[in-house]
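Q: Test case, fold it:
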Amino acid sequence: MLPSQLACCVADTWVMHHSRTLLASIFLVATTILVCFSPVLDGNFTHWDDDVYVYANERVRDGLSLENTLWAFQTFAIDNWHPLTWLSYMLDVELSGVSATQMHLTNLLLHTGNCILLFLLLIRFFGIPAALVATLVFAIHPLHVEPVAWISQRKEVLSFFFLMFATHSYVTYKQNNSAKHYVGSIIAFSCALMAKPMAVSFPALIILLDCWPLNRWPNFRDIEQLKHYVLEKSPFVLLSAVTCLLTILAQSYALTLTTNIGLSGQLFITTLAYVEYIKQFLYPANLSFFYPLPPYQIGPYFWLCLLGLLAVSAASIRWLQKFPQLFVAWWWYVIAMLPVIGVLKVGAQFVADRYTYVPFVGTVIVLAYLFDLLAKDKRFSRFLKISTSAAVLSLYGFISHNYAQVWKDDITLATSAIRQNADNPVAYFVLHEGVQTYVLQQLIDTLSVNTQCVEGEVSVFVGFSQSTIDCLQEESTHSPVHNLLLAIHYLDESEQDVGQSLLVANASNDLQVRSSAALIAAVQQVRTNALEKLPETIRELSMLPEGNLRSLALFLCYYQQGDISLANDYLNQGLRGLSV
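A: Next up, the predicted model:
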C-alpha cells in the first residue's frame, strides 16, 4: 500500500512540475550527499555501541531467520524496543556478511532516500528552487553526519524514512480526503515507531502541519468539527502512548541511573540544550560524538537562554495569525526534541547531533518558505541569491566532508572529541578500546601472511571463521604463528586462560614472536584488569624496539595502572605514525 501511495504523490508532483527539472533536482540532491558524505564508506565499526548492535551480537551475526525475527519483536535489548532496526541489520548481514562498509552504505542510501522524500514533500507547497536549497541544507548539514556515519544510529535514518512516508500520506489525505492514504499514514507511522521511539511526537507534528502550510485546523468553537478532529488523531496518539509505555519499560534501568539530577538540574540541562542545538544548526563547530554535561551553574548565561526561549515561544503564539510559519518552525523544534532533550534524562550526554534529524524538519520547511519569498523578490539580484546559497551550502558541505572522515575508526573519532574537550571520559574509553583493536588488527595482518590457514583479510571485529580456527589448531604444533593467532582469538572468548597458556607456550627468542606475544599479553591483561601482571609486561615491552605498536601497548598498560601522564606520552608517540 505505502509504495503505491507514494507513487501517486510523486505522480501528482510530476504533473505539477517540469519533469526534467524535477529529475535534475533529485540527481543534484543525491550527488551532493554522495560527495559530502562519501568518507563514511571507508569507516569501520566503533566501540560506541556498534558491538552490542552488530559485530558482537550473535542474533544479528546470524542474519535473518524466523527465530531472530521473533526475537527482534520481543526483545528490549540495549534499553530499546525497535524491531525494524534489528531486522535491517540482519538483512545487511544476509547481503554482505558482518561488513561495516555494507552497513554504512545502507545508512547513506537511507539518508539519501530521506532527503529525496523531504524534497518531494517541500515541492508540494513551494517552488522547486526554494525546496531544493532547503533540502540541501538538511541533506549536508554537519549535524547529520553522525546518524549516517555511526552504524548504531541506523534507527534514526530508518525511522525518518517511514516518517516521511507517513507525512506524505497524511498530506495527501488532508488534501484529497483519501481514506486509503489516512490508513497508509497510520501504517507508516507504526513502522517509524518500530524503528525508533523518538517518532512519538508525530501526532503533534501533523497538528502543526494542519496549522500551516495545510491550513486545515478545525474551528475550535464547532463541537462537531472538534470531535472529528480528535477522532482523526486518536490512532496516532494511541500508537504513541503504547510506544512510550514500551520505551519506559525498556529504559527503566537507564532512567533510574540518570534522573538523579533533580528538577532544577533537568531545567538547567533542557534550557541550555535547546539553545545549543540552535547554535549548532546556525554554525556547526567543535563537533563531537559525545558532549559531556556542562558544569551545573545557574548564572547569567542560563537566565539569558531561558528568557530567550520563553520570549520566542510567547512571540510565536502572539503572532500566530500573522506569522504561522514562525509558530510551526518553533514548536516543531520544541516538540520533536522533547523525547531526548533532558526532561527525562537518559544517558550522560548533554546534547547529541543525531537528535536534530527530525526536529530541524520544521526549520527546513520554513527555510523553503523564506527562500520561496526571496525567489520572487525583485529587490535582490538572481546572482546574489544563488551566490549566497552556494556559499552557505559550500561551508556546510566542507565541514560535513571533513567530519565524515573523523568517523573512520575509534582512534580518529576519540582523538577528535578529546581535542574539542579534554575532559571527556567517554572519548577516552572509546580511545582505549580503539587502541586495543588497532594493535590486534595489526598483529592479525602481520601474522596471517605467515600461514595458509588464513585466507584474505580478517577483521578483528568479525574474527576468524570456524574453518580457520580448526586449521590453526591443527597446525599449532608446527609454528608459533598459529598459537599467536589462536591467542588473539581467545581474547574475546570465555576461555581466556587458554589464550594465556598459548602465550606461555610461545616463549621464544625470535623477535617477531616475542614482540607479538608481549603485545597480545598487554591487551589481554588490560581487558581482564590483571594489574599484578602488568609490571612484567611493561618490562617486556620496554625491551622491544621502538615502534607504534609498542608505544600504544605501553599506553594501554600505564592507562590501566592509572598513570595518565605517562600513558599520554606513549599515546602521542604511538599516534605520530597514524593519520589521525
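
Q: make it CA atoms for all contacts and neighbour counts henceforth
A: Fine.

Q: so how far is stretch 348-364 off the chain centroid?
A: Stretch 348-364 has its C-alpha centroid displaced from the chain centroid by 11 Å (CA atoms, centre = their mean, to the nearest Å).

Q: Likewise for stretch 442-456?
A: For stretch 442-456, the gap between its own C-alpha mean and the chain's C-alpha mean amounts to 33 Å (CA atoms, centre = their mean).

Q: which residues sit against that stretch?
A: Stretch 442-456 is touched from outside by 457-458, 460, 468, 471-472, 481-482, 485, 516, with contacts defined as CA atoms under 8 Å, 6 or more residues apart in numbering.

Q: Stretch 83-93 now?
A: Residues lying outside stretch 83-93 but in contact with it, judged by CA under 8 Å, 6+ apart, are 53-54, 59-64, 69, 72-74, 98-99, 102-103, 106, 154-155, 158, 191, 194-196.

Q: Repeat the analysis, applying 6 Å as the threshold.
A: Taking CA atoms under 6 Å, 6 or more residues apart in numbering as the criterion, the residues outside stretch 83-93 that touch it are 60, 63-64, 72-73, 155, 194-195.

Q: Restricting to C-alpha, output that stretch in CSV.
A: Taking only C-alpha atoms (Å, rounded to 0.1, in the frame of the first residue of the first chain), the coordinates of stretch 83-93 have been written out as CSV:
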residue,chain,number,x,y,z
PRO,A,83,12.4,-4.5,15.9
LEU,A,84,12.7,-3.0,12.4
THR,A,85,16.1,-1.7,13.2
TRP,A,86,17.2,-5.1,14.3
LEU,A,87,15.8,-6.6,11.1
SER,A,88,17.6,-4.1,8.9
TYR,A,89,20.9,-5.1,10.4
MET,A,90,20.1,-8.8,9.9
LEU,A,91,19.3,-8.0,6.2
ASP,A,92,22.7,-6.3,5.8
VAL,A,93,24.3,-9.4,7.2
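
Q: Could I get the buried residue list for the strand or helix carrying residue 419?
A: Assigned by DSSP states H and E, residue 419 belongs to helix 410-420. Of all the residues in helix 410-420, those buried under the rule 16 or more other CA atoms under 10 Å are 410-418.

Q: same deal with stretch 24-38?
A: By neighbour count on 16+ other CA under 10 Å, the buried set for stretch 24-38 is 25-26, 29-30, 32-34, 36-38.

Q: likewise stretch 322-340?
A: Judged by neighbour count (16+ other CA under 10 Å), stretch 322-340 contains these buried residues: 324-340.

Q: These in helices, which ones?
A: Within those, membership in helices is found for 324-340, as judged by DSSP state H.

Q: Could you identify the longest helix within the chain?
A: With DSSP H applied, the helix covering the greatest number of residues in the chain is identified as helix 223-250.

Q: so who does residue 79 touch?
A: Under the criterion of CA under 6 Å, 6+ apart, the contact partners of residue 79 comprise 250-251.

Q: Show which residues not belonging to stretch 291-303 make contact with it.
A: With CA under 6 Å, 6+ apart as the test, stretch 291-303 has contacts from 349-350.

Q: Any idea how far apart the tips of it sit?
A: With CA to CA, to the nearest Å applied, stretch 291-303 spans 22 Å between its terminal residues.

Q: still on that earlier bit, between helix 324-341 and the longest helix of the chain, find me the angle.
A: Angle, helix 223-250 to helix 324-341, by axes from the mean of the first three to the mean of the last three CA atoms, to 10 degrees: 30 degrees.

Q: Give the buried residues for helix 223-250.
A: Buried residues in helix 223-250, counting neighbours by 16+ other CA under 10 Å, are found at 229, 236-237, 239-240, 243-244, 246-248, 250.

Q: And stretch 440-454, by the same measure?
A: 440-441, 443-445, 447-448, 453-454.

Q: Would you format those as TSV with distance to residue 142 and secondary structure included?
A: Shown next, in TSV, are those (distance: CA to CA, whole Å; DSSP: H, G, I helix; E, B strand; the rest coil):
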residue	distance to residue 142	secondary structure
440	32	helix
441	30	helix
443	35	helix
444	35	helix
445	34	helix
447	40	helix
448	39	helix
453	44	coil
454	40	coil
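
Q: out of those, which one sits closest to residue 569?
A: Sorting the buried residues of stretch 440-454 by distance to residue 569 puts residue 440 at the head of the list, at 20.9 Å, by CA to CA.

Q: So residue 321, which state does it fall into?
A: With DSSP: H, G, I helix; E, B strand; the rest coil as the basis, the three-state label of residue 321 is coil.

Q: Return the backbone torsion pair for it.
A: phi -70, psi -40 (degrees, to the nearest 10).

Q: Over to residue 465?
A: Dihedral angles for residue 465 - degrees, to the nearest 10 - are phi -70, psi 160.

Q: need the next SSE after the helix or strand of the chain with the lowest mean pLDDT, C-terminal direction.
A: Ranked by mean pLDDT, DSSP states H and E, the helix or strand of the chain with the weakest confidence is helix 252-258, at a mean of 51. On the C-terminal side of helix 252-258, the closest following helix or strand by DSSP H and E is helix 262-282.

Q: Would you mark the buried spots in that following helix?
A: By neighbour count, with 16+ other CA under 10 Å as the criterion, the buried positions of helix 262-282 are 265-274, 277, 280-281.

Q: got it, and stretch 177-191?
A: Buried positions in stretch 177-191, judged by neighbour count with 16+ other CA under 10 Å: 180-191.

Q: Please convert these to a markdown table, extending it with secondary structure and distance to residue 83.
A: As requested, the buried residues of stretch 177-191 are exported to a markdown table (DSSP: H, G, I helix; E, B strand; the rest coil; distance: CA to CA, whole Å):
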| residue | secondary structure | distance to residue 83 |
| --- | --- | --- |
| 180 | helix | 25 |
| 181 | helix | 24 |
| 182 | helix | 24 |
| 183 | helix | 21 |
| 184 | helix | 20 |
| 185 | helix | 19 |
| 186 | helix | 17 |
| 187 | helix | 15 |
| 188 | helix | 14 |
| 189 | helix | 14 |
| 190 | helix | 11 |
| 191 | helix | 9 |
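
Q: which sections of the protein are below the confidence cut-off?
A: Screening the chain residue by residue with the criterion pLDDT under 70, one finds the ranges 1-18, 252-261, 342-347, 477-478, 492-509, 579-580.

Q: At which residues are the strands of the stretch 51-200 of the chain located?
A: Secondary structure of the stretch 51-200 of the chain by DSSP state E, counting those that start in this stretch: no strands are present.

Q: From residue 84, how far out is the nearest residue to residue 53 once chain neighbours are set aside?
A: When the adjacent residues along the chain are set aside, residue 53 lies closest to residue 152, with 6.3 Å between them (CA to CA, 6 or more residues apart in numbering). Distance, residue 152 to residue 84, by CA to CA: 13 Å.

Q: These two: which is more packed in?
A: For residue 152 versus residue 84, neighbours defined as other CA atoms under 10 Å are more numerous around residue 152 (24 against 21).

Q: Map the structural domains onto the sequence of the chain.
A: Residue ranges for the structural domains of the chain, counted by automatic domain parsing, are given in the record as 2-408, 416-575.

Q: Cheers, nothing more for now.
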